[in-house]
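Undergrad: Any chance you can model this:
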Amino acid sequence: MHPESQPLPAPVKRLLSLLPAAPGSRLFASALNLALVRHLPDDVRAVLRGKRLRLCAPDAGLAFDFAWNGSAFGPAARSQAPDLTISASLHDFAQLAARKEDPDTLFFSRRLLMEGDTELGLTIKNTLDAIDGPVFDPARLAPHRVLASLIPRRPGAPPRPH
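TA: Numbering: from 1, shown residues only. Purely as a prediction, here's the structure:
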């Protein structure tokens with residue numbers, strides 16, 4: 001275990017592992033749409049189309065299943081095997097999102113694992129590396145914005161602030 005990465009207390013891990021998968025995957029996909037979609041080049045969108053992805057944080061008992069439908073990320077059923085699974089501790093994912101840790105360092109130290117279509121994994125890594133600044137801007141991912149993105153807009157309603 002990495003010295004800065006503290007395991008979650010067992011009761012917290014147990015509580016998180018009891019959460020149903022679908023709502024978590026839906027919220028995660030919505031956060032990806034807010035943070036990432038505008039950065040995806042057309043060639044990457046084509047590679048992602050129909051691919052099933054799983055992001056796992058085993059230390060927290062969390063896994064998010066999602067897929068790219070051509071225009072947005074959406075939740076995917078856990079009953080089918082993903083094309084790519086990326087696993088790391090919750091701490092390491094937070095470090096990656098904040099750009100405080102390099103994915104290559106985590107990968108080669110076996111703190112970031114990829115299973116399945118590793119070429120797809122490299123495409124995702126290279127795409128994220130090409131984005132200037134943190135991918136996950138906390139202001140764009142405020143809970144009210146993520147939740148608002150899940151609610152269909154009424155016809156004629158003013159656009160939501162981004």
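
Undergrad: my hunch is that Ala67 is in a strand, does that hold up?
TA: Yes - according to DSSP: H, G, I helix; E, B strand; the rest coil, Ala67 belongs to a strand.

Undergrad: Number of residues surrounding the closest residue in space to it that isn't next to it in sequence?
TA: Spatial nearest neighbour of Ala67, chain neighbours left out: Ala76 (4.4 Å); criterion: C-beta to C-beta, 6 or more residues apart in numbering. C-beta coordinates here come from the backbone N, C-alpha and C atoms, glycine included. Residues near Ala76, counting by other C-beta atoms under 10 Å, number 22.

Undergrad: Neighbours of Gly70, how many?
TA: For Gly70, the count of nearby residues is 9 (other C-beta under 10 Å).

Undergrad: Phi first, then psi, for it.
TA: Main-chain dihedrals, Gly70, degrees, to the nearest 10: phi 110, psi -30.

Undergrad: List the residues that contact the residue nearest to Ala67.
TA: Ser25, Arg52, Leu53, Asp65, Phe66, Ala67, Pro82 (C-beta atoms under 8 Å, 6 or more residues apart in numbering).

Undergrad: what stretches of this protein score poorly on pLDDT?
TA: Within the chain, the stretches with pLDDT under 70 are 1-21, 133-150, 152-162.

Undergrad: All the helices of it, residue numbers only.
TA: Listed in chain order, the helices of the chain (DSSP state H) span residues 10-17, 21-35, 42-48, 90-97, 103-108, 118-130, 143-150.

Undergrad: Distance to Asp59 for those - can I get that in JSON lines?
TA: Putting the helices of the chain into JSON lines (distance: least, C-beta to C-beta, whole Å) gives the following:
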{"stretch": "helix 10-17", "distance to Asp59": "7"}
{"stretch": "helix 21-35", "distance to Asp59": "16"}
{"stretch": "helix 42-48", "distance to Asp59": "27"}
{"stretch": "helix 90-97", "distance to Asp59": "6"}
{"stretch": "helix 103-108", "distance to Asp59": "14"}
{"stretch": "helix 118-130", "distance to Asp59": "20"}
{"stretch": "helix 143-150", "distance to Asp59": "23"}
